[in-house]
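Engineer: have a look at this prediction, sequence included:
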Amino acid sequence: MTHRYTPTLLLALPFVVAMAPAFASPGRSIDVTVSRSVISPGHIVVHAGERVRMRVTSADGARAFQIKALGLRGRIPAGESVAFDLHPTDAGTFEIESFDGGGIGGGVTARFVVKE
């Protein structure tokens, strides 16, 4: 049995280990609650390049949730939470929208601000 690749793998290991936290870590966690009448918090501020995990919970029935300009869309089952990982790179103010699961109204909005 030969160990032809062992030295190469041992040399690469420190680089792989150093990169792992960047891929594994979701960064800052933000809890968001949505309902027919409000998105809380109503104003979220993050920094460009920051990794963010938004845990969105529906307080009163199935809800749709989106930040259209950032390509984030999802459905939140009644009384449950769904996690979304974001890594915004461009500064700006973006609209968070939530509406009932059937898309028939009950829409509310909030702001998602990305600062330099």
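Structural biologist: Thanks, I have the structure now.

Engineer: okay, and the beta partners of His43?
Structural biologist: Here His43 sits in beta bridges with Arg111, going by DSSP bridges.

Engineer: quick check: which ranges of the protein have low pLDDT?
Structural biologist: The chain contains residues with pLDDT under 70 at 1-26, 101-106.

Engineer: mind doing that once more with 50?
Structural biologist: 9, 13, 16-21 (pLDDT under 50).

Engineer: ranges for the helices of it?
Structural biologist: In the chain, the helices defined using DSSP state H lie at 6-24.

Engineer: what's the closest residue to Gly61 other than its chain neighbours sitting at in phi/psi?
Structural biologist: Nearest non-adjacent residue to Gly61, counting by Cβ to Cβ, 6 or more residues apart in numbering: Ala78, 4.9 Å away. Backbone N, C-alpha and C define where each C-beta goes, glycine included. Dihedral pair for Ala78: phi -50, psi 130, per degrees, to the nearest 10.
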